[in-house]
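Provided below for reference: sequence and predicted model.
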Amino acid sequence: MPKDRDEQEARHEVVRRLRLILDRTEMSQTHLARRLGQAPSAVSDWFTKNALPSGETLVRMFQLPEFRNVSAEWLLTGQGSAVKGTNIPAQKAYDLGAVTALTQALDEIERLRDMWTAARPAATRTPESAAAAAKGARVLRRVAETDTVLRGKKKARQAR
C-alpha cells in the first residue's frame with residue numbers, strides 16, 4: 001500500500017475519533033471552532049478533507065473541559081486507553097461514552113479507597129491521607145455533576 005494511502009487512512013481514523021468525541025459531548029463543529037478560536041471552515045475541513053488540526057490547536061483542544069480526560073495517544077494513534085489515566089479500552093469508551101467510562105473508573109477508585117481506609121487502623125491515618133480522600137470525593141462529585149448535566153441535555157434534545 002502506498003505511503004500516501006496509509007497517511008490518508010491514519011488521518012481518517014483521527015477524524016473518526018474526533019467525531020466520536022464531539023458526538024459524545026454533543027458539541028457541534030461550529031461550537032468547537034468558536035471555543036478554539038478557529039474559523040468554522042477550518043474545523044469543517046478536518047471532517048470533510050481529513051485535514052488535521054495544527055499542534056497548537058491540539059494543545060488548545062486538550063485544554064477544553066470536553067477533552068481533558070481524552071488520551072492524546074488514543075486520539076492521534078488509536079492506541080491505548082481512550083480515557084486518560086485508566087485501563088478502559090477504546091471500544092468500551094465508544095460504547096459507554098467518555099463521561100460514563102470516567103465515572104466508572106472513579107467509582108472503582110472510590111471503592112478501592114474505601115476498602116483501604118477500612119483496612120487501615122485509625123491510628124495510622126495521616127492528615128495527608130485524609131486530604132487525598134477529600135480531594136477524591138470532590139473529583140467524584142464534579143464528575144457526577146457533569147454526568148447529570150450531560151444526561152439532562154441529552155434528555156432535552158430527545159424530547160424535541
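That came through, no problem.

where exactly do the helices run in this protein?
With DSSP state H as the criterion, the chain has helices at 3-25, 29-36, 40-48, 55-63, 72-77, 90-96, 98-119, 127-159.

Quickly, which of those bottoms out on average pLDDT?
Lowest mean pLDDT within the helices of the chain: helix 90-96, a mean of 57.

hmm, back to that, want to throw the helices of the chain into TSV with distance to residue 84 and mean neighbour count?
(Glycine included, C-beta is placed from N, CA and C.) Shown next, in TSV, are the helices of the chain (distance: least, Cβ to Cβ, whole Å; neighbours: other Cβ atoms under 10 Å):
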stretch	distance to residue 84	mean neighbour count
helix 3-25	12	14
helix 29-36	19	17
helix 40-48	21	16
helix 55-63	9	14
helix 72-77	8	16
helix 90-96	11	16
helix 98-119	9	15
helix 127-159	13	12
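
could those helices be laid out in TSV, adding distance to residue 83?
Compiled in TSV, these are given as follows (distance: least, Cβ to Cβ, whole Å):
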stretch	distance to residue 83
helix 3-25	11
helix 29-36	19
helix 40-48	22
helix 55-63	13
helix 72-77	8
helix 90-96	6
helix 98-119	5
helix 127-159	11
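
And the contacts of stretch 58-68?
For stretch 58-68, contacts defined as Cβ atoms under 8 Å, 6 or more residues apart in numbering pick out 21, 25, 27, 32, 35, 36, 37, 53, 70, 72, 84.

Go again with 7 Å.
Contact with stretch 58-68 is made by 21, 25, 27, 35, 36, 53, 72, as judged by Cβ atoms under 7 Å, 6 or more residues apart in numbering.

Same list, the residues you listed, but as TSV with distance to residue 8 please.
TSV is the format used below for these (distance: Cβ to Cβ, whole Å):
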residue	distance to residue 8
21	21
25	26
27	25
35	27
36	24
53	16
72	21
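
Residue 142: which of the residues you listed is nearest?
Distance to residue 142, by Cβ to Cβ, is smallest for residue 25 among these, at 15.7 Å.

contacting residues for the closest one?
residue 66.

Distance of it relative to residue 11?
21 Å (Cβ to Cβ, to the nearest Å).

now do residue 134
As judged by Cβ to Cβ, residue 134 and residue 11 stand 44 Å apart.
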